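Chemist: Below are the sequence and a predicted model for it; my questions follow.
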Amino acid sequence: MAFMGIGMAEVSTCDVTVYDGQRVGKGDELGMFHFGGSTHCLIFRPGVDLDFDLHGQAPGLHSANIRVNARIATVKSAAR
């Protein structure tokens, strides 16, 4: 799995605090965004099957935000 931080509009800094080759675990901080809007993208290798948790709502313009640190998906299986 890979993480890609995306700075949008007024973001002044995407501050990555991990270094090349560092091992990170579940919940470890990878960095932070400073000022303004930002998002991220999680990239999985082919064959990874995800079960998305929509928190009881349908995706769309009238959906509510999902709380920080809430589960957004669970890996069901991965090709080897």
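Modeler: Thanks, I have it.
Chemist: what pairs with the helix or strand bottoming out on mean pLDDT in the chain, and is each one parallel or antiparallel?
Modeler: One helix or strand of the chain scores below all others by mean pLDDT, DSSP states H and E: strand 2-7, with a mean of 77. Strand 2-7 sits in its sheet next to strand 38-43 (antiparallel), going by DSSP bridges.
Chemist: got the CA positions of the partner strand in PDB?
Modeler: Output of strand 38-43 as PDB, limited to C-alpha atoms (Å, rounded to 0.1, in the frame of the first residue of the first chain):
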ATOM      1  CA  SER A  38      -6.000  18.900   1.700                       C
ATOM      2  CA  THR A  39      -6.700  15.300   1.100                       C
ATOM      3  CA  HIS A  40      -5.000  12.000   0.500                       C
ATOM      4  CA  CYS A  41      -5.100   9.000  -1.700                       C
ATOM      5  CA  LEU A  42      -4.400   5.400  -0.600                       C
ATOM      6  CA  ILE A  43      -3.000   3.200  -3.400                       C
END
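Chemist: How far away from the center of its chain is that strand?
Modeler: Distance of strand 38-43 from the chain centroid (C-alpha atoms, centre = their mean, to the nearest Å) equals 5 Å.
Chemist: Output the contacting helices and strands for the next helix or strand after it.
Modeler: Next helix or strand after strand 38-43 toward the C-terminus (DSSP states H and E): strand 49-52. Applying 3 or more C-beta pairs under 8 Å, 6 or more residues apart in numbering; DSSP states H and E, we find strand 49-52 packed against strand 73-77. C-betas here are computed from N, CA, C, even on glycine.
Chemist: and the strand it packs on with strand 38-43, angle?
Modeler: 10 degrees (axes from the mean of the first three to the mean of the last three C-alpha atoms, to 10 degrees).
Chemist: How many neighbouring residues does residue 46 have?
Modeler: Around residue 46 there are 6 other residues, counting by other C-beta atoms under 10 Å.
Chemist: Check residue 55 too.
Modeler: 13.
Chemist: swap in the one 3 residues further on?
Modeler: Under the neighbour criterion other C-beta under 10 Å, residue 58 is assigned a count of 7.
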